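**Student:** predicted coordinates and the sequence they were generated for:
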Amino acid sequence: MSGDDGTVPAEALSLLPVRAARLSAVPGAAEAARTIGAGRGVDYLADAEVAAMLHRHRQSLSRMTSRGIWGGLLLGPAAAAAWFLIGTTDWETSDTTVDLILFTPVVLLLSLSVYLLARSLRYRRVWRRDGTRDQVNGYLQVLSAAGLAHHGLPAWLKPVTGKRWR
């Protein structure tokens with residue numbers, strides 16, 4: 001999330017586990033960073049660009065996770081309430097006004113939970129196809145090529161592809 005003047009917010013720069021100067025100091029790491037970055041369209045030796053990428057990555061993961069959690073938490077009670085109301089309502093003798101009063105909150109809750117789950121899946125799809133997943137995996141490869149361990153990385157930055165880097 002770069003500013004209009006090309007600057008990167010301090011919060012994004014604080015996400016960098018390793019600065020470009022440290023990577024460049026490792027023999028062969030700069031060349032590996034250029035090679036890996038060329039295939040992904042990222043200059044891994046530009047701190048501002050990498051910080052902005054990590055910031056977008058963290059935001060995408062946060063959105064995906066929060067929508068999924070809230071959608072799942074709301075779906076359980078809403079589905080149970082719908083199941084209970086449908087199973088206990090005598091449709092022949094029930095009043096339409098009472099049915100509307102009882103079913104409206106349940107339908108709204110079900111709709112909200114489905115919407116949140118759909119948004120979570122949409123964020124995941126964008127993150128996988130057009131987002132930062134491959135770029136971050138490239139960054140982890142650069143760190144690995146530089147001989148830097150990944151066990152100290154925050155959870156949001158760890159590889160999600162099933163591959164283990166160092």
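**Tutor:** Now that the structure is in, tell me what you want to look at.
**Student:** ok, Tyr44 to Lys158 distance?
**Tutor:** According to CB to CB, to the nearest Å, Tyr44 stands 18 Å off from Lys158. For glycine as for every other residue, the C-beta is placed from the backbone atoms N, C-alpha and C.
**Student:** ignore what I typed, I meant Leu121.
**Tutor:** Distance from Leu121 to Lys158, by CB to CB: 22 Å.
**Student:** go on, Ser94?
**Tutor:** From Ser94 to Lys158 the distance is 53 Å (CB to CB).
**Student:** quick check: mean pLDDT of the longest helix along the chain?
**Tutor:** Ranked by number of residues, the top helix in the chain under DSSP state H is helix 47-88. The pLDDT scores in helix 47-88 average 90.
**Student:** following that helix in sequence, what is the next regular element?
**Tutor:** Remark: after helix 47-88, the chain's next helix or strand is helix 96-129, criterion DSSP states H and E.
**Student:** which strands or helices does that following helix pack on?
**Tutor:** Counting contacts by 3 or more CB pairs under 8 Å, 6 or more residues apart in numbering; DSSP states H and E, helix 96-129 packs against helix 47-88.
**Student:** off-centre distance for the helix it packs on?
**Tutor:** Between the centre of helix 47-88 and the centre of its chain there are 10 Å (CA atoms, centre = their mean, to the nearest Å).
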